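what would the 3D arrangement of this be:
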Amino acid sequence: MASSGTTPANCLADADVLVRVAIEALPAAVYMTDAEGRITFYNEAAAALWGCRPNLGRSKFCGSWKLYWPDGIALPHDECPMAMALRQKRPIRGMEAIAERPDGTRVPFVTSPTPLFDESGRLTGAVNMLVDISDRKHTEARLAERNAQLDLAGKVARIGSFTFDDATRKPQLSPGCAAIYGLPEGTLEIPLQHWRTLVHPDDLPRLDAIARRAIANRDREVVQEFRILRHGEVRWIESRVLISYDEAGKAVRRIGANIDVTERKQAEQALAERNAQFELAHRAARVGCYTHDISAKTMLVSRASMATYGLSQSTIEITAQQWHKRIHRDDVQRLRAEHILAFKERRPELVNEFRIVRPGGEVRWIESRSLIAYDHVGRAERMTGIYIDVTDRRKAEDNKSLLIAELDHRVKNVLACVSAIALRSRECSRSMDEFLEVLDGRIGSLANTHTLLSRSRWEGVGLGELVRSVLVFCAKHESALIEGPEVDLAAEATQTLAMVLHELATNAAKYGALSNGHGRVSIHWRRPSRGRSKGKLVLEWRETGGPQISAPNATGYGTSVIRDLIPYELGGAVDYQLAREGARCRLEIPGQWLSN
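Residues are numbered from 1 along each chain as shown. Sure thing, here's the model as predicted:
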């Protein structure tokens, strides 16, 4: 019950005062109007938001200096949310507008005008609360800016995000993701079937199988790579997907990121091709590379090195002990000593040559070129280098040395032979002219024989070719009969027989069957298959039709060559006779001097 002297009117007045005091204390901007929209009350928060103080009873609908819609279009006061609420006699909730202060600053706000009615339902006015949303708008602007930056970065970096709701079955794409697939600008959602048409048909079955397996295993994350067709161009995509499940274990949502990794895949393919070419070149050139961890006593070797060492192609890492087992036992200690000395002197580079023994016993020569890395205290910790199979080079060097030695030997023999020929020719010559003529013929014969041997690479000369080359300077075609089977003389026997044939031919041209233009020389050879001369080469020289000859009073150098050279040099036999009807000579050469 009210106290004595208090009336209902006083109570309402007191309540009104209390309400106004409470509203004044609120941090939110609040103001009130009458039924015509004239402002009858506002708190300090409202004045602060507007940046001015409206005239009570005269200013209508809103106390702001100017109003604008969120898009910046001017908003007349009689069309603002408060005016709408009074005309429509209903609350207006959540509308946004912008108040411009006299100093030009603008404040975005959310308005909530609510009409007031008396007990009879008559409109008596309205109350409105304005919420400053400047901070929210600033945050939204920053968020929009960041999203725009993220979308731009996604397009540039070819990275995009997506979500997939298993209920709607529609992938939702970020702008970057849409750009990756070559979709039109602004595409945010596409049917699942449309997405499947963008995936390379050869990859769809694999992707479906991966998805089924992941869901069956309730995997939370899936990483996969696949190809897409973007306007006919094949692009590679790396996709990382997070899968959400409901309480029953059913997949309900997937979110993920797609990355265009085409350039990376192309680089990987190019690198793989280059590595394959590199390995092929290494194998062809017999070059391999390695890295030796000295402290761990392990070696990483290339596949080309494995081929060189005769190891399995699947072997990439071996122990130092396994490697040392391949080294030729005569080279192990030397190789270790060279390594120890290089480490002691802290050399940055080391070159070695050594032999290895492949499975099966084959020996190969290796040249190793290594760079040595040391730790902070100077201990060798790592060697990196290449192995080169130089077996062919070493063989070539050995052959070269052998050829040089052989050439040296042959030159000395030739010079010795020329010296002996010159000395004996001078002893048996009656004049200088005769000496020069005889010497010239004999040296010419030597040169001719060397030509034949060089042409055959010193592997032997055919007997028929040798005989014809000796007779070519002194016998016409019809004055010489040459016959016999194909026989090749060894290089060592060719020079000896050539000297004998030269002396026979010279004598025939000076004194025998080839001296008068009517005689004839017959050279015939054979290899008897039985009898005393079995397996030997028997050559018979017979002259007919020449002048009668008689035995000389003294034996000259040419005769001694004919009779003595073959027995002395080749262990053969010679029967040389100067018959009245012409010279006859029978030569026997052991089969060991024949190359076939």
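
ok, and the helix or strand in this structure with the lowest average confidence?
The helix or strand of the chain with the poorest confidence is helix 8-25; it has a mean of 62 (mean pLDDT, DSSP states H and E).

direction included, what does the following helix or strand past that helix pair up with?
Next along the chain after helix 8-25, taking DSSP states H and E as the criterion, comes strand 29-34. Here strand 29-34 is paired, per DSSP bridges, with strand 39-42 (antiparallel), strand 123-132 (antiparallel).

low-confidence ranges, the stretch 1-150 of the chain, go.
1-20, 22, 25, 147-150 (pLDDT under 70).

ranges for the helices of it?
8-25, 44-50, 81-88, 134-157 (DSSP state H, counting those that start in this stretch).

hang on, the earlier thing: export the strands paired with strand 29-34 as TSV, with columns for distance to A296 and mean neighbour count.
The way it works is simple: take the backbone N, C-alpha and C, and place the C-beta from them, glycine included. Output for the strands paired with strand 29-34, formatted as TSV (distance: least, Cβ to Cβ, whole Å; neighbours: other Cβ atoms under 10 Å):
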stretch	distance to A296	mean neighbour count
strand 39-42	83	20
strand 123-132	69	19
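
just give the closest residue to R253, not the sequence neighbours.
Sequence neighbours aside, S244 is the residue nearest to R253 in space, at 4.4 Å (criterion: Cβ to Cβ, 6 or more residues apart in numbering).

residues in contact with the one you found?
Contact analysis of S244 by Cβ atoms under 8 Å, 6 or more residues apart in numbering lists 251-255.

just the strands in the stretch 251-400 of the chain please.
251-260, 287-293, 298-301, 317-319, 349-357, 363-374, 380-389 (DSSP state E, counting those that start in this stretch).

wait, which of these is closest to G531?
The minimum distance between G531 and the strands of the stretch 251-400 of the chain falls on strand 363-374, with 48.0 Å, by Cβ to Cβ.

just send the contacts of S244 back as TSV, with neighbour count and distance to L198 too.
Listed next are the contacts of S244 as TSV, based on neighbours: other Cβ atoms under 10 Å; distance: Cβ to Cβ, whole Å:
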residue	neighbour count	distance to L198
A251	16	22
V252	13	24
R253	14	21
R254	19	17
I255	15	19
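
thinking again about what came up before, can I get the strands paired with strand 29-34 in CSV with distance to L537?
Rendered in CSV, the data for the strands paired with strand 29-34 read as follows (distance: least, Cβ to Cβ, whole Å):
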stretch, distance to L537
strand 39-42, 141
strand 123-132, 127
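
so which of the ones you listed gets nearest T384?
strand 123-132 (68.7 Å).

check what contacts that closest one and list those residues.
28-35, 37, 40, 46, 49, 62, 81-82, 85-86, 89, 99, 107-118.

name the nearest residue to E96, sequence neighbours excluded.
P70 (4.9 Å).

could you do T496 as well?
Per Cβ to Cβ, 6+ apart, closest to T496 is E569, 4.6 Å.

quick one: the one you found and A498 touch, right?
No - E569 lies out of contact with A498 (Cβ atoms under 8 Å); the separation is 11.7 Å.

ok, the two, which is more surrounded?
Neighbours per residue (other Cβ atoms under 10 Å) separate E569 from A498, with A498 holding more: 23 against 16.

show me what secondary structure element comes after the helix or strand that one falls within.
Per DSSP H and E, A498 falls inside helix 491-510. Following helix 491-510 in sequence order, the next helix or strand is strand 520-526 (DSSP H and E).

pLDDT (mean, whole number) over that following strand?
The predicted model gives strand 520-526 an average pLDDT of 92.

pretty sure Y576 sits against R563.
Yes - taking contacts as Cβ under 8 Å, Y576 lies within contact range of R563: 5.3 Å.

with A257 as the reference, measure out to C177.
8 Å (Cβ to Cβ, to the nearest Å).

ok, T33 next?
From T33 to A257 the distance is 54 Å (Cβ to Cβ).

where does the stretch 201-350 of the chain dip in pLDDT?
For the stretch 201-350 of the chain, the ranges with pLDDT under 70 are 275-286, 303-315.

per-residue confidence for Y387?
82.

not counting sequence-adjacent ones, nearest residue to it?
Spatial nearest neighbour of Y387, excluding adjacent residues (Cβ to Cβ, 6+ apart): G288 at 4.7 Å.

what is the burial count for the one you found?
23.

I'd say it and S302 touch.
Yes - at 4.8 Å, G288 and S302 qualify as touching, with contact defined as Cβ under 8 Å.

quick one: terminal-to-terminal distance for stretch 104-115?
Separation of the first and last residues of stretch 104-115 by Cα to Cα, to the nearest Å is 30 Å.

residue contacts, G460?
Contacts of G460 (Cβ under 8 Å, 6+ apart): 488-491, 494, 595.

whoops, I mixed them up, E273
So E273 contacts nothing (Cβ under 8 Å, 6+ apart).

just to revisit the earlier point, quick one, what contacts the residue nearest to E96?
96-98, 108.

filter these to the buried ones?
97-98, 108 (16 or more other Cβ atoms under 10 Å).

for E381, state which of those is nearest.
Closest to E381, out of all of these and judged by Cβ to Cβ, is P108, at 67.2 Å.

ok, now which ones touch the closest one?
Going by Cβ under 8 Å, 6+ apart, the list of residues near P108 reads 70, 96-98, 132-134, 137.

which of those sit farthest apart?
P70 and D132 (14.1 Å).

from the middle of its chain, how far away would the helix holding A498 be?
From the chain centre to the centre of helix 491-510 is a distance of 65 Å (Cα atoms, centre = their mean, to the nearest Å).

use 34 as the first number from now on
Taking 34 as the first residue, the last one we looked at is helix 524-543.

let me know the average pLDDT across it.
Helix 524-543 comes out at a mean pLDDT of 87.

show me the domain layout of this structure.
47-165, 173-293, 302-422, 457-626 (automatic domain parsing).

and those as a markdown table, adding distance to A438?
Converted to a markdown table, the domains of the chain look like this (distance: least, Cβ to Cβ, whole Å):
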| stretch | distance to A438 |
| --- | --- |
| domain 47-165 | 103 |
| domain 173-293 | 64 |
| domain 302-422 | 20 |
| domain 457-626 | 14 |
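
closest one to E430 among these?
domain 302-422 (9.7 Å).

pull the distance from the closest one to the chain's centre.
That offset, for domain 302-422, works out to 20 Å (Cα atoms, centre = their mean).

same question, stretch 280-297
33 Å.

buried ones in that stretch, by neighbour count?
For stretch 280-297, using 16+ other Cβ under 10 Å, the buried residues are 284, 287, 289-295.

try stretch 417-430
Under 16+ other Cβ under 10 Å, the buried positions of stretch 417-430 are 418-424, 427.

next one: stretch 120-139
125, 128, 130-134.

any weak-confidence spans in the stretch 434-583 of the chain?
In the stretch 434-583 of the chain, residues with pLDDT under 70: 436, 439-463, 466-474, 477, 507-510, 583.

how about a cut-off of 90?
For the stretch 434-583 of the chain, applying pLDDT under 90 flags the ranges 434-497, 499-515, 523-532, 535-552, 560-568, 578-583.

just give me the neighbour total for the nearest residue to A541 once chain neighbours are set aside.
Closest residue in space to A541, ignoring its immediate chain neighbours: L547 at 4.4 Å, by Cβ to Cβ, 6+ apart. Neighbourhood size, L547 [other Cβ under 10 Å]: 25.
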